[in-house]
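Novice: from the sequence below, what's the structure:
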Amino acid sequence: MEWVAAVGTIIIIGLTLFLLEAIGRRVEAEPETVRKWIHIAVGHWVFLALAWLEHWYVAIVPLLFFTVVNLLTLKRGTGQMNQVERISYGTVYYPISLLILVGLFFEREPMALVAGSMVLAWGDGMAALVGRRYGKTFYTRGAIKRSFEGSIAMFLFSFLVLTSTFLIYALPAWIAISYGFLLANIAALIEAVSYRDLDNIFIPLSIGALVAFAL
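Specialist: Numbers count the residues shown, from 1 in each chain. Next up is the predicted model:
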């Protein structure tokens, strides 16, 4: 039954992708906006995995599946999430980073898995959406251009999801808030200095590791 549940998570995520792409076309949203909707939504797969699956080697199967699918659709340029201004491997790095998180923390440190996934989903996702819509003050690192408004959104949403995660896992409120604040700053810094889409790997793995070893 566990393998059936794994297939079920693939179907649910696939339907979610289809629905968000359909909504994007209906409201004529920009491809980059649709891409970030998907970015945020897909991170919640970890809750399905933790609720339905028991073993890490089963949980990585959907992630392997979407790594291959995302790579193929990227090469073919299909789907709104790949109709962006530049070729982006972020959609491939995303499931790879979750795969590594699952392998490391799924059975032993689920809080680290949730924390890393939620910061990637909400922190990084909202940073891009806010920066694209409201960004007015920019800074550059080589050829990479980011906005302070996006970085602030990265910090705020990371702080929110980290603190919520720690409270859900019954940590004392002062630890949840203080560690949430500290790790949100670290996540924002990593996002600010990361090269292109590699933040999809560095952010969740760094936050997951820090949560696992510090809490």
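
Novice: helices or strands up against the host helix or strand of Ala22?
Specialist: Assigned by DSSP states H and E, Ala22 falls within helix 2-26. Packing partners of helix 2-26 (3 or more Cβ pairs under 8 Å, 6 or more residues apart in numbering; DSSP states H and E): helix 31-42, helix 45-52, helix 56-76. In short, each C-beta sits where N, CA and C put it, glycine included.

Novice: after the last one comes which helix or strand?
Specialist: Per DSSP H and E, the first helix or strand lying C-terminal to helix 56-76 is helix 90-105.

Novice: average pLDDT for that next one?
Specialist: Across helix 90-105, the average pLDDT comes to 94.

Novice: can you list the buried residues in that helix?
Specialist: Under the neighbour-count criterion of 16 or more other Cβ atoms under 10 Å, helix 90-105 has 90-102, 104-105 buried.

Novice: now swap in stretch 183-201 and tell me
Specialist: Of the residues in stretch 183-201, those with enough neighbours to count as buried (16+ other Cβ under 10 Å) are 183-184, 186-188, 190-192, 194, 197, 199-201.

Novice: between the residues you listed, which is nearest Thr140?
Specialist: For the buried residues of stretch 183-201, the minimum distance to Thr140 (Cβ to Cβ) is 10.8 Å, reached by Ala192.

Novice: mind checking which helix or strand of the protein has the lowest mean pLDDT?
Specialist: Using mean pLDDT, DSSP states H and E, strand 138-141 stands out as the lowest-scoring helix or strand of the chain, at a mean of 76.

Novice: who does it pair up with?
Specialist: Sheet pairing of strand 138-141 (DSSP bridges) gives strand 144-147 (antiparallel).

Novice: just checking, Ala212 touches Glu109?
Specialist: Yes. Ala212 is within contact range of Glu109, at 4.4 Å (criterion: Cβ atoms under 8 Å).

Novice: what's next to the least confident helix or strand of the chain, contact-wise?
Specialist: Here strand 138-141 makes contact (Cβ atoms under 8 Å, 6 or more residues apart in numbering) with Lys145, Arg146, Ser147, Phe148, Ala192, Val193, Tyr195.

Novice: most widely separated two among these?
Specialist: So, the contacts of strand 138-141 by Cβ to Cβ: farthest apart are Phe148 and Tyr195, at 18.8 Å.

Novice: where does pLDDT dip in the chain?
Specialist: Along the chain, the model assigns pLDDT under 70 to residues 77-87, 141-143.

Novice: could you redo the last one with a cut-off of 80?
Specialist: Confidence mapping of the chain against pLDDT under 80 gives the ranges 74-89, 135, 140-145, 195-196, 215.

Novice: who's in contact with Leu156?
Specialist: Per Cβ under 8 Å, 6+ apart, neighbours of Leu156: Ala184.

Novice: that one and Glu21, how far apart?
Specialist: The gap separating Leu156 from Glu21 is 28 Å, by Cβ to Cβ, to the nearest Å.

Novice: now swap in Leu210 and tell me
Specialist: Leu210 sits at a distance of 34 Å from Glu21 (criterion: Cβ to Cβ).

Novice: likewise Ala173?
Specialist: In this view, Ala173 and Glu21 are 40 Å apart by Cβ to Cβ.

Novice: looking at the two, which is more packed in?
Specialist: Glu21 (19 against 10; other Cβ atoms under 10 Å).

Novice: correct me, but that one touches Val34?
Specialist: Yes. Judged on Cβ under 8 Å, Glu21 makes contact with Val34 at a distance of 6.3 Å.
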